[in-house]
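Colleague: this is a predicted model, with the sequence first.
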Amino acid sequence: MAEKDGNKTAKDYGIGIPSPKQTFHVKGMDNVDWGMKNRLSRIFHPKSGHTVMLAFDHGYIMGSTAGLERLDLVIPPLVPYIDVLMATRGALRAAISPSYNKAVALRCSAGSSVLKDDMSTEVIGVNIEDAIRMNASCMAIQTFIGSNGECSSIHNLVRTIDAGNRYGIPTLGVVAVGKEMARTTKYFLLATRMLAEFGAQIIKTYYCDEFEKVTAACPVPIVIAGGKKLPEADALKMAYNAIQEGASGVDMGRNIFQAENSTAMVQAVRAIVHDGETPEKAYDLYNTLKAEK
Ligand code: 5RP
């Protein structure tokens, strides 16, 4: 059995050495079935290989969140500029038109709220039949590596991966950082790799120092969460750096819907993710679009 202490330090990440050529455009997914590839292609654009996911599932733990008070008003103007709606089934069914031709990353874990100090215990909150009914392109499960809820969250993840594999639906493993855990490169290296080894087809994590090591060591695509609201220029720089360092996209919420002009912001983020725009040019675009409104 592998031991906890006394191991050699992992350091040979082969930074700069490209992965062997794949036939499919999503990292590590050459060997999955047609249906799963089709769903992954709805998430990751075949041309850029990247994705802009709009996360607006915050209500599942935070209730009414700044910028998301009215889902029916806030989300529709952003939809043309995104690839994926990341949301709960309740929000989608009640407030979002099913006629948008966008992929859905369905929030499928649930179980705690911001009222609790320890939010690391969740359950699978959506069964596979309802995920299919919602036409989910992937199912998102929160994990809490190193926290009290570590084991139960891994259980939620692997059960969902098993169910998704039965029907060709990928699972998005979300790295949530418990209050007691530090957001270090070491932590993200550990958590992202664990989730990929469990079989998650996509990993969501936070950006960190030496992020290129995290993406290099993770055999499946990584998308970054935006985290708390930053000045727009800083959020664009973070998105740019993440893509340059191997991320396959963003799954951003507050840094889009809490921006001074959310429609301009989502377009600036898209320019970075899909068009390889620099953060400076993207920020100019943001200001230009903001001035037009
Ligand atoms: C929580 C989530 C949320 O969807 C996501 O992190 C929120 O996005 P942002 O941090 O960009 O507001 O997965 O773990």
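Modeller: Cool, got the structure.
Colleague: in the stretch 1-150 of the chain, what residue lies closest to the ligand?
Modeller: residue 55 (3.5 Å; CB to the nearest ligand atom). Every C-beta, even on glycine, is put in place using the N, C-alpha and C of the backbone.
Colleague: which residues does residue 72 contact?
Modeller: 95, 96 (CB atoms under 8 Å, 6 or more residues apart in numbering).
Colleague: let's go with 6 Å and repeat that
Modeller: Residues counted as contacts of residue 72 (CB atoms under 6 Å, 6 or more residues apart in numbering) are residue 95.
Colleague: also residue 271?
Modeller: 277, 282, 285.
Colleague: nearest residue to the residue of the stretch 1-150 of the chain closest to the ligand other than its sequence neighbours?
Modeller: residue 253 (3.6 Å; CB to CB, 6 or more residues apart in numbering).
Colleague: okay, now that neighbour: neighbour count?
Modeller: Neighbours of residue 253 under the rule other CB atoms under 10 Å: 22.
Colleague: my guess is it meets residue 53, correct?
Modeller: No - judged on CB atoms under 6 Å, residue 253 makes no contact with residue 53 at a distance of 9.1 Å.
Colleague: coming back round to it: of the contacts of residue 271, which is the nearest to the ligand?
Modeller: Nearest to the ligand among these: residue 282, at 16.8 Å, using CB to the nearest ligand atom.
Colleague: just the helices in the stretch 151-293 of the chain please.
Modeller: 185-198, 211-217, 232-244, 254-257, 262-275, 279-292 (DSSP state H, counting those that start in this stretch).
Colleague: bridge partners for the closest residue in space to residue 159 that isn't next to it in sequence, pull those for me.
Modeller: Take residue 159 and drop its neighbours on the chain: the residue closest to it by CB to CB, 6+ apart is residue 124, 6.0 Å away. Beta bridges link residue 124 to residue 109 when assigned by DSSP bridges.
Colleague: gap between residue 124 and residue 134?
Modeller: When distance is defined by CB to CB, to the nearest Å, residue 124 is 14 Å away from residue 134.
Colleague: quick one on the thing from earlier: of the contacts of residue 271 - the most surrounded one?
Modeller: Most surrounded of the contacts of residue 271: other CB under 10 Å gives residue 282, at 25 neighbours.
Colleague: give the contact list for it.
Modeller: 236, 268, 271, 272.
Colleague: what is the burial count for residue 193?
Modeller: 17.
Colleague: distance check, it against the ligand.
Modeller: Computed as CB to the nearest ligand atom, to the nearest Å, the residue 193 to the ligand distance reads 18 Å.
Colleague: just list the residues touching that residue, thanks.
Modeller: Residue 193 sits next to 217, 218 when contact means CB under 6 Å, 6+ apart.
Colleague: can you report how many residues lie near the nearest residue to residue 36 once chain neighbours are set aside?
Modeller: In space, and not counting its chain neighbours, residue 36 is closest to residue 168: 4.4 Å by CB to CB, 6+ apart. Residues lying near residue 168 (other CB under 10 Å) number 16.
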